[in-house]
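Chemist: Return atomic coordinates for the entry below.
(chains A, B, C and D)
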There are 2 protein chains.
Amino acid sequence: MEKIYNDYSRDGIEIHTDNFRDDSLLRAGLKLNHLRMIVTIEDHGQISAAAEALNISQPAASRMLSEMESIAKTALYERIARGVVLTPFGSALAKRARKILLELREASREIAELRTGKGGSVYLGAVTAPAISLVVPAIRQVTQTYPGIEINIQVETSNILARELLAARHDFIICRIPDELNPRLFTAHEIGVEKACLIVRNGHPLLEKGVVGLHDLIGRDWVFQPPGTLLRRKVEDIFISAGVPLPENIVNTSSLLLTVAVVCKTDAIAPIALDMAEFVCGQSSNAGEACILPIDFEISVKPYSLITARERAMPPSASLLYDMILEQSRSLAAT
Amino acid sequence: MEKIYNDYSRDGIEIHTDNFRDDSLLRAGLKLNHLRMIVTIEDHGQISAAAEALNISQPAASRMLSEMESIAKTALYERIARGVVLTPFGSALAKRARKILLELREASREIAELRTGKGGSVYLGAVTAPAISLVVPAIRQVTQTYPGIEINIQVETSNILARELLAARHDFIICRIPDELNPRLFTAHEIGVEKACLIVRNGHPLLEKGVVGLHDLIGRDWVFQPPGTLLRRKVEDIFISAGVPLPENIVNTSSLLLTVAVVCKTDAIAPIALDMAEFVCGQSSNAGEACILPIDFEISVKPYSLITARERAMPPSASLLYDMILEQSRSLAAT
DNA sequence: AGATAATATATCATATTTGGTATAACGTGA
DNA sequence: TCACGTTATACCAAATATGATATATTATCT
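Modeler: All right, here's what the predicted structure looks like:
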């Protein structure tokens, strides 16, 4: 008989697990739908709501939960005022169940990718800067290796992206890990620092100065993102650290388009991500009328990382794109 | 209704996955026993052998496989001369199936641990040196935190341990990754270098010299492990590099006990792992008649690492012991 | 105490699963 | 061509699952 090779070794050495016959949950009759049930119970906190989400009647859901308790030989939930809450046993099982169902979903995805002969699909999110500087070049590369690959990119804030990753709607993300989320949930490789710069319109008076300093910026007009945003606080910190009065004439907007439009048509100064600025100032459009103001200080914001959820499966296509982006960031760092 | 907290965040922010309703394998009726089937087929290469392993008849196994192909909408195996081989689709599914079943087994283990109130169980393997220098101290610590924890340690060579890990019979291992296995299958943290030293009996003539050099060792009697072993090759390399003739009067044995016995009763010199030597020379037994020979060179063998299988689940008790060993190795490195 | 929201249990009907045995079909080697 | 090893299919019986409706029970709030 031809030898069956696993990919454990370089030269085909067979390594077998046992066939899981001793697994008590398996032996007792646990089913995949039980796993869906407990995950849905954890999400909704009510048996009737979970039943609705799973398209079964409430008594059917209740009985399925009782079945699970017989299988696990322990209480998995208890009633509270309005609904149920999982016990530590139930939570432990729900956590595993979620991972199992995610793995199964990735199996579905992988088989679908293999079956269609396409290059597969990838779901990723990125904050704006690396979306442009890293993802776009890597996409160009990967579509040559995987003709027909389907790439889904969400460009959003780190807070939103991190939650989408945890909710398993992304394979990986490029952003920073928000302070209010537990960093142990993630695996992160720092791949860049999100630098910013100031842009002004072509012909702006400050451009005649060569390189400008903080003091040259006093009393000027500004376009800023809303108060509290990261970039804005960073610029404010630079002013405060240097003992320079904060800008006073400010337009507030979170829209990059509006920011650029204002900058092009007025003498306002706007801080934006360096990668974004290089993109904007290189376009042969109205936006091409803006340019980067040479300054004698640096605006660094927090680093961003290539982030996955811990112990999360990734299909081959996503792994490939991940690796390409990582490589791209190393190339950029080396120049 | 009381808020249901996942452990995603520090202050209880709910993040929901969808309820997996779009998962094509799930919708099409995939069952956990299908997963057992395909894993067992991959392991055995024959439907009749897999049927036997799963305690069902051959026709039942054959039909189950056909069912799976209907569910996956693709061919998962093809017949060969004697038995079957998995297609790339089948292999992809088997890989995921194995992970799912391992996760489920860990769920069983975790629930059993929680239910019995014991400290849980851990399966680990270690090569001899760190088994003594790191695992024993960590075990002392962990049994205080987890009274009743059940720890299973296999002390073996790296080749054997790595295969046992891949076969999911260990939670983690401490050894080096064998050259013939694919290192991408593992996650490794280097935690120590397996240093070796020379031992001689108390009263050995060389002890009168204070610190001895390579030239002092010419023409002496030796006890070595068999030709080709790591430590022996390392010592031979040291001699060759210094242009010193290799030892000629050699006893070959892989038995540590025999090695120590010979050293105690003759003027032979033996290289053994430093951690082992410190253990051996500290005993109030016959072995206590040996001591470490002060030498003016160092015998380093390959580093050893704390190793897990990639993307493998670990129960809390195993994670705790893993972390303790890692901490222990950092403490040792800092002194 | 009563109303309300939610869960638990009983019962039923129908469908599905699951294992077996028997045997046909296939692929290979001599 | 035949023998052998292995898989594939047909058919059957029994068990199990799965959903529903009806209604009992529980917990909380007013």
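
Chemist: and the residue of the stretch 201-335 of chain A nearest chain B?
Modeler: Relative to chain B, the nearest point of the stretch 201-335 of chain A is A:Glu311 (6.1 Å; CB to the nearest CB). To be clear about C-beta, it is placed using only N, CA and C from the backbone, and glycine gets the same treatment.

Chemist: any idea how far that residue is from A:Leu26?
Modeler: Taking CB to CB, to the nearest Å as the measure, A:Glu311 falls 21 Å from A:Leu26.

Chemist: circling back: and the residue of the stretch 201-335 of chain A closest to chain B, helix, strand or coil?
Modeler: Following DSSP: H, G, I helix; E, B strand; the rest coil, A:Glu311 is assigned to coil.

Chemist: circling back to that earlier point, mind checking which of A:Glu311 and A:Leu26 has more residues around it?
Modeler: Between A:Glu311 and A:Leu26, A:Leu26 has the larger neighbour count (other CB atoms under 10 Å in any protein chain shown), namely 21 against 17.

Chemist: Any figure for the gap between the more buried one and A:Glu164?
Modeler: Separation of A:Leu26 from A:Glu164 (CB to CB): 32 Å.

Chemist: Setting aside sequence-adjacent positions, which residue approaches the residue of the stretch 201-335 of chain A closest to chain B most closely?
Modeler: In space, A:Glu311 comes closest to B:Glu311 once its chain neighbours are excluded; the distance is 6.1 Å by CB to CB, 6 or more residues apart in numbering or on different chains.

Chemist: ok, now A:Val155?
Modeler: A:Ala131 (5.0 Å).

Chemist: and that neighbour, that's in a helix?
Modeler: Yes: per three-state DSSP, A:Ala131 lies within a helix segment.

Chemist: how many neighbours does it have?
Modeler: Neighbour count for A:Ala131, taken as other CB under 10 Å: 22.

Chemist: where's it relative to DNA strand C, distance?
Modeler: Separation of A:Ala131 from DNA strand C (CB to the nearest atom of the strand, to the nearest Å) stands at 42 Å.

Chemist: What residues does that residue make contact with?
Modeler: The contact partners of A:Ala131, taken as CB atoms under 8 Å, 6 or more residues apart in numbering or on different chains, are A:Ile153, A:Val155, A:Ile174.

Chemist: Now name the helix or strand holding the most centrally placed residue in chain A.
Modeler: What sits nearest the mean C-alpha location of chain A, by CA atoms, centre = their mean, is A:Ile173, with 2.9 Å. Element membership for A:Ile173, per DSSP states H and E: strand A:172-175.

Chemist: Could you do A:Ser329 as well?
Modeler: Here A:Ser329, judged by DSSP H and E, is contained in helix A:316-334.

Chemist: In terms of secondary structure, what does that helix contact?
Modeler: If you count contacts as 3 or more CB pairs under 8 Å, 6 or more residues apart in numbering or on different chains; DSSP states H and E, helix A:316-334 packs onto helix A:88-116, strand A:121-126, helix A:136-145, strand A:172-175, strand A:186-201, strand A:299-309.

Chemist: Roughly how far does the residue in the stretch 101-250 of chain A that chain B sits nearest to sit from B:Ala28?
Modeler: Relative to chain B, the nearest point of the stretch 101-250 of chain A is A:Ala107 (3.9 Å; CB to the nearest CB). A:Ala107 sits 12 Å away from B:Ala28, going by CB to CB.

Chemist: circling back: the residue of the stretch 101-250 of chain A closest to chain B touches B:Arg96, doesn't it?
Modeler: Yes: between A:Ala107 and B:Arg96 a contact is recorded at 3.9 Å, counting by CB atoms under 8 Å.

Chemist: So between those two, which is more surrounded?
Modeler: Ranked by neighbour count (other CB under 10 Å), A:Ala107 and B:Arg96 place A:Ala107 first, with 27 against 24.

Chemist: So, low pLDDT: which residues of chain A?
Modeler: Within chain A, the stretches with pLDDT under 70 are A:1-17, A:117-119, A:282-288, A:334-335.

Chemist: Domain ranges for it, per the record?
Modeler: According to automatic domain parsing, chain A comprises the domains A:24-100, A:111-192+A:303-334, A:194-300.

Chemist: show me what contacts the residue of the stretch 201-335 of chain A found nearest DNA strand D?
Modeler: Nearest residue of the stretch 201-335 of chain A to DNA strand D, counting by CB to the nearest atom of the strand: A:Ala313, 25.0 Å away. Neighbour list for A:Ala313: A:Leu102, A:Glu103, A:Glu106, B:Arg96, B:Lys99, B:Glu311 [criterion: CB under 8 Å, 6+ apart].

Chemist: hang on, the third one packs against A:Pro316?
Modeler: What that stands for is A:Glu106. No: counting by CB under 8 Å, A:Glu106 does not reach A:Pro316; the two are 10.1 Å apart.

Chemist: After the helix or strand harbouring A:Leu26, which helix or strand is next?
Modeler: Here A:Leu26 sits within helix A:24-27, counting by DSSP H and E. Later in the chain than helix A:24-27, the nearest helix or strand by DSSP H and E is helix A:32-44.

Chemist: Check whether the helix or strand just after that following helix comes near DNA strand C.
Modeler: Using DSSP H and E, the helix or strand that follows helix A:32-44 in sequence is helix A:47-53. Yes: applying CB under 7 Å from any atom of the strand, one finds helix A:47-53 touching DNA strand C at A:Ile47, A:Ser48.

Chemist: list the contacts for A:Val263?
Modeler: A:Ile199, A:Val200, A:Arg201, A:Val223, A:Ile269, A:Ala270, A:Ala290.

Chemist: just to revisit the earlier point, so which of the contacts of A:Ala313 comes closest to B:Asp296?
Modeler: B:Glu311 (46.2 Å; CB to CB).

Chemist: Now do A:Ile269 against A:Leu76, distance only.
Modeler: A:Ile269 sits 59 Å away from A:Leu76, taking CB to CB as the criterion.

Chemist: ugh, wrong one, I meant A:Glu194
Modeler: Separation of A:Glu194 from A:Leu76 (CB to CB): 44 Å.

Chemist: Can you tell me the SS state at A:Gly228?
Modeler: Assignment for A:Gly228 (three-state DSSP): coil.

Chemist: Can you mark which positions in stretch A:261-271 are buried?
Modeler: For stretch A:261-271, a neighbour-count test (16 or more other CB atoms under 10 Å in any protein chain shown) marks A:Ala261, A:Val262, A:Val263, A:Cys264, A:Ala268, A:Ile269, A:Ala270, A:Pro271 as buried.

Chemist: Now go through those residues and say which are in strands.
Modeler: Counted as lying in strands by DSSP state E, out of these, are A:Ala270, A:Pro271.

Chemist: filter the buried residues of stretch A:261-271 down to the ones close to DNA strand C.
Modeler: Of the buried residues of stretch A:261-271, not one also sits near DNA strand C (CB under 7 Å from any atom of the strand).

Chemist: So which residues on chain A come close to DNA strand D?
Modeler: Checking chain A against DNA strand D by CB under 7 Å from any atom of the strand, the hits are A:29, A:31, A:33, A:55-57, A:59-60, A:63-64, A:79-82.
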